[in-house]
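> After the sequence you'll find the predicted model.
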Amino acid sequence: MKKKWNNHIRGRNPFQLLFLFLLFMLTVILAVIFCNIPEKSSVLEAGIVSMQNQSGVNSPVTAVLLNFRGYDTLLEVMVLLIAVIGVWSLTKATSFGNTADISPVQLGVVHLLTPVMCLVAAYLVWQGSHLAGGAFQGGAILGAAGVLLLVSEIPWTHAVPALVLRIGLVFGPLIFTGIALYCLWARGGLLDYPTGSAGWLILLIETTCALSIGLTLALLFAGGRPDENGSEGDIQ
Amino acid sequence: MSYSILTFFDLILVLTLLSLSWHLLNSEDIFKAVVLFISFGLLMALAWVRMRAPDVALAEAALGAGLTGPLFLAALRRMNRCHKGERRLDIDENRDGDNEKKMEQPHQRS
């Protein structure tokens, strides 16, 4: 056992050992922090509860994500957009196998599942205002539906014009940024929603962002930019 | 009584997560590691539910297990093709020729 361990050590160069040591220390620090976390941080929770009725939504998680810390979510959506731009600048989309390879059972399942998945995604976005759910969860379901369509080589996914894909990708971030700038102009603070209309503004942001996030994830899976005339992709 | 059963369940969940992560990091076969990663994501979603964070659980199940897995598999497929001596640029330029080649040799694992 000891000999094996020695061989293990000897095979590594000093930088790897240093890295391992630092990683170990990080784990220890995290464990110490984890053990010292108070059971409930009363200050934060009380703050959120007291501001809940002004946030326009009933779910504390959505209130934090899209109202109190909306700037973070804006940046997250932008990160996804930049990821797609990065993938598109690297390579073109490849196709997955041939239509002849797809079994009729798979095609049937996809035809059954896709509408259900779109419905679940819409429900998750709607549910985000009072329960668990929201733009990212709904968008992920939409993205999964897109991946299913891509894997099954549904013919019309190749016929979606590239312009439509591009518009779909920036639609959510654009609406989000637009609302943020409008709030800056009207209220003097970025994402400082006008009182009373915060609820439907958040729902609008979530719906458009879910569409864009779904498209983003599906296109990340397609793995490259589409051809300019007819392309890979999907429509939600 | 139910409390103790749930604690037992949590314990098994944690042990399964740890062993899964060890196996997926240790496996030589990348395909096997990806499959283990997907199952790890699903169990992690279960763990988030147990920690009463349903939002994170939903995101983990959909993103961690549902999308990252297929993304890894697609990347693995590209890697295999690059290993066969095809440069990525070649793949991009000769998409049609590549499709014909694929028709001759049926699907590889990935």
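Happy to help now that I have it. Numbering: from 1, shown residues only, chains lettered A, B, ... in the order given.
> Doesn't A:Thr73 lie inside a helix?
Yes: with DSSP: H, G, I helix; E, B strand; the rest coil as the criterion, A:Thr73 is part of a helix.
> Okay, it and chain B: tell me how far apart.
A:Thr73 sits 13 Å away from chain B when distances are taken as Cβ to the nearest Cβ, to the nearest Å. C-beta here means a position set from N, CA and C on the backbone, and glycine is covered the same way.
> Could you count how many residues lie near the nearest residue to that residue once chain neighbours are set aside?
Nearest residue to A:Thr73, sequence neighbours excluded (Cβ to Cβ, 6 or more residues apart in numbering or on different chains): A:Leu65, at 5.2 Å. Neighbours of A:Leu65 under the rule other Cβ atoms under 10 Å in any protein chain shown: 22.
> Provide a list of residues in contact with A:Leu65.
A:Asp72, A:Thr73, A:Gly134 (Cβ atoms under 8 Å, 6 or more residues apart in numbering or on different chains).
> and A:Tyr193, what pLDDT?
A:Tyr193 carries a pLDDT value of 81.
> top of the contacts of A:Leu65 by neighbour count?
A:Gly134 (28 neighbours).
> what's around the nearest residue in space to B:Ala61 that is not next to it in sequence, how many residues?
Among residues not flanking B:Ala61 along the chain, B:Ala45 sits closest, at 3.9 Å (Cβ to Cβ, 6+ apart). Burial measure for B:Ala45: 22 neighbouring residues, criterion other Cβ under 10 Å.
> How about the one 10 residues further on?
Neighbour count for B:Asp55, taken as other Cβ under 10 Å: 20.
> contacting residues around it?
By Cβ under 8 Å, 6+ apart, the neighbours of B:Asp55 are A:Val61, A:Ala132, A:Gly133, A:Gly134, A:Gln137.
> Phi first, then psi, for the first one.
The phi and psi values for A:Val61, taken as degrees, to the nearest 10, are phi -70, psi -50.
> Hmm, it is touching A:Ala132, no?
Yes: counting by Cβ atoms under 8 Å, A:Val61 does reach A:Ala132; the two are 7.1 Å apart.
> Around chain B, which positions in chain A sit nearby?
A:61, A:91-92, A:94-98, A:101, A:124, A:131-134, A:136-137, A:140-141, A:143-144, A:147, A:151, A:217, A:220-221, A:223-224 (Cβ under 8 Å from any Cβ of the partner chain).
> Drop anything exposed from those.
Restricting these to buried positions leaves A:61, A:92, A:94-97, A:124, A:132-134, A:136-137, A:140-141, A:143-144, A:147, A:151, A:217, A:220-221, A:223-224, with burial counted as 16 or more other Cβ atoms under 10 Å in any protein chain shown.
> what ranges of chain A fall below the confidence cut-off?
Scanning chain A for pLDDT under 70 picks out A:1-12, A:41-42, A:94-100, A:228-236.
> Please read the previous query as pertaining to chain B.
Where chain B drops to pLDDT under 70, the residues are B:1-3, B:84-110.
> cutoff 80 now
Residues of chain B that meet the criterion pLDDT under 80 lie in B:1-4, B:81-110.
> What segments of it are helices?
Taking DSSP state H as the test, the helices found in chain B are B:2-26, B:30-50, B:54-59, B:68-83, B:88-93, B:95-104.
> Helix B:30-50 and the first one, what's the angle between them?
Which is helix B:2-26. Calculated by axes from the mean of the first three to the mean of the last three Cα atoms, to 10 degrees, helix B:2-26 forms an angle of 160 degrees with helix B:30-50.
> got a list of what the residue nearest the centre of chain A touches?
Geometric centre of chain A, nearest residue: A:Phe136, 4.5 Å, by Cα atoms, centre = their mean. Residues near A:Phe136 by Cβ under 8 Å, 6+ apart: A:Glu76, A:Ala210, A:Ile213, B:Ala59, B:Leu63.
> Neighbour count and distance to B:Ala33 for the residues you listed - can I get that in CSV?
Shown next, in CSV, are the contacts of A:Phe136 (neighbours: other Cβ atoms under 10 Å in any protein chain shown; distance: Cβ to Cβ, whole Å):
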residue, neighbour count, distance to B:Ala33
A:Glu76, 15, 27
A:Ala210, 28, 31
A:Ile213, 28, 27
B:Ala59, 20, 22
B:Leu63, 21, 18
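> with those residues in mind, which one is nearest to B:Ser4?
The nearest member of the contacts of A:Phe136 to B:Ser4, counting by Cβ to Cβ, is B:Ala59 at 30.3 Å.
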